[in-house]
Each structure stands twice: as C-alpha cells, then as structure tokens.
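Asks: 3D, please:
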Amino acid sequence: MFHVLYTLNPTDSPNARAGKHPRLGALLRSDSGGFACLHPWPELGDDSLKHELAALREGHPLRLGARALRCMELDGKARREGKNLFENLTIPRSHATLLSSTSLATADTLNQRGFRTGKLKLPPNLKAAARRLITIAAALPEWSWRLDFNATLTHEETLKFWFMLPETLRDRIDFIEDPCTCSVKSWRALQNAGIPLACDMPPPHHSSISSCIPARCIVKPARDHIVDGRPIFTSYMDHPLGQLWAAYCAAFHYRNTATEDVPVCGLVTQHVYQPHAFSIALGLYIKPELVSPPGTGLGFDEMLENLPWKRL
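Replies: Predicted coordinates for the structure are as follows:
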C-alpha cells in the first residue's frame, strides 16, 4: 500500500469542537490500484492519523482504515475494468453547509443556485446560536434547517435553545444533530418536547438510539458501515476523493429509490476549505447536485497518478 499526506485549510472553524487550523489527512493507494481517503477527526473521537496509518501498515486497520480499504477495493476494481463508479447512478441532492462566517450575501448566492436546505454549524453559546439561526433563517424564508452542535450542549441547554426559537422557525427545522451526549433517557425527553433529532455517532449509538427514538440516522461512509432504511449520507468534511466515496455510497444505496423518496444529503463540502487542485477540479461553483469528475473508479485519474506516492 502507498500513501501521500495532504493538508486542508479551513475557511473557518468546521464544527463546534474543532478550531480553524490545518486539517491533516492521507490519500491511500492499494497495490492493485484503488484509491481512498483517510481523514480523522480526533476532536470527535477518532484515532489520530498516525495511529490509523500505523494500524494499516501492521494489517490491523482501525475504524477509518477499514472503511478506506473497502473504498480502495471498489475503486480499484472499477479502474481495472475501465469503469466509472457513478455510471447509471444518481447522486442525491445536498444541503448547503454553512459555517459561522457564512455571510447573508453568500447564503443568498446559495439560494440562487438552488439550495433549499441548510446545515448550520452552531456554537454552544445559546444566545449567539439562536441569534445566528433566526437572522439567517429570516433571510431565507423558503429554507428548512439542520442544526449541528456536535454534542456540546447539555440536555437542559438543548431544551432552552429550542424554546428560544419562534414557533414558526421551529416548524422549519428538519432536525438537531447530536445536540448533547447520546443517552436514550435524555434524548427521549428531548423528543417528547417536540425536538426532531438526528444521530451522527458511530454504532452502537445508531442502533441503540434508533430502536428507542425516532431520530434520523446520519451515515458517513468514511467512518460508518451502511445501515438499512433512509439514512442521510454526508461526507466526512474530508478530501474531495472522500466526498466522492460518500457520494457513491449514497447513490448506490438509493439506486432503486424514487427520487422524491431520497432524502437531501450532505455531500457538497469542498467549499469549507481554501481552494486546492482537487477541489477546483471537483468544482467550487457549488450547487445542490454534486457532479462527479470523469475517469475511472471515483475519478481524478491523472491527478491521483501524478501524486508523490510513498510506500506505507
């Protein structure tokens, strides 16, 4: 196996637990020619990049490494057969990911490009979070909202935040993703208060929550095995190659589903980092429809071949 390290520079803090500092990751290449992305988030509970790479080297992959191996397997097979993985598949539409620095002017531009659902990353400061949501939602009256606190609130703070919002705005919220630490007791109380919830935590939390509470299931193919039902697929806010892996898993999962029954996903995230060669190739003019690049496998054929690969 080969690897090459990369650095992505966020345009702002990507979530409530991570600061605005360079994100380190690695692209992987199997001996049979498949590619994958490895992009840990230690702030959210992942092992470090160093440990993930060491585990792959030793033949005992950790959680992200195991998913990367699966990506390399499918990508490599398609490349050897000269096929594009997205052939005859439709990538689900995506919400717009809005960071704390996203201006109203930028949000209006996204509205003009066709987005009608926004995912808003919010800080644990309740007044600031409510003010931010109320302001931007007023400017985009046709949008529904998905809120993400990355489990930085308490159960009591989640309830307080919910009732700080006007009732008309609460009706436009698809869900609050991981508002507080995952607990069946506390999440059931939140659900009983009328708060729509989504779980973006790896198994066994998905199954333990979904069996007791009607929470939407968020699946990140870079981290998670695919679950049954109608999960919302999102990227891991990783390299564009990782975005395409998430997009392929979503498209394949919903390949036999009527368009109107496919949920809006979160696959368009290249804009949360400063432009680089791969994000430019994927497209910085973002729209709800992610367009896969030409080529075999997940694409980027020539760009990937020309990277300075080193034996892992």
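Asks: count the residues that sit near L69.
Replies: If you count neighbours by other C-beta atoms under 10 Å, L69 ends up with 16. Placement of C-beta: from N, CA and C, glycine included.
Asks: quick check, it in contact with A36.
Replies: Yes. The pair L69 / A36 is scored as a contact, 7.3 Å apart, by C-beta atoms under 8 Å.
Asks: what touches both of those two?
Replies: Residues touching both L69 and A36 by C-beta atoms under 8 Å, 6 or more residues apart in numbering: S30.
Asks: contacts only, for L5.
Replies: Residues counted as contacts of L5 (C-beta under 8 Å, 6+ apart) are 24-26.
Asks: strands of the stretch 51-200 of the chain, residue ranges please.
Replies: Here the stretch 51-200 of the chain has its strands, by DSSP state E, counting those that start in this stretch, at 96-98, 117-121, 144-148, 173-177, 197-199.
Asks: pick the most buried one from the ones you listed.
Replies: Per-stretch averages of neighbours, counted by mean count of other C-beta atoms under 10 Å, single out strand 96-98 among the strands of the stretch 51-200 of the chain, with a mean of 26.
Asks: show me what that one is packed against.
Replies: Secondary-structure packing of strand 96-98 (3 or more C-beta pairs under 8 Å, 6 or more residues apart in numbering; DSSP states H and E): helix 104-112, strand 117-121.
Asks: mean confidence (pLDDT) on that strand, please.
Replies: Computed over strand 96-98, the mean pLDDT rounds to 94.
Asks: just checking: what are the partner strands of it?
Replies: strand 117-121 (parallel) (DSSP bridges).
Asks: next one: phi and psi at the residue lying closest to R67 once chain neighbours are set aside?
Replies: Nearest non-adjacent residue to R67, counting by C-beta to C-beta, 6 or more residues apart in numbering: A222, 5.7 Å away. Backbone torsions for A222, taken as degrees, to the nearest 10, come to phi -70, psi -20.
Asks: what's A222 in contact with, if anything?
Replies: 37, 39, 64, 67-68, 235-236, 238, 242, 245-246.
Asks: follow-up on the earlier one: which of the contacts of L5 are buried?
Replies: Buried members of the contacts of L5, scored by 16 or more other C-beta atoms under 10 Å, are 25-26.
Asks: closest to R146 out of the contacts of L5?
Replies: Nearest to R146 out of the contacts of L5 is G25 (C-beta to C-beta; 24.5 Å).
Asks: which residues pair with the closest one across the strands?
Replies: Residues in beta-bridge contact with G25 (DSSP bridges): Y6.
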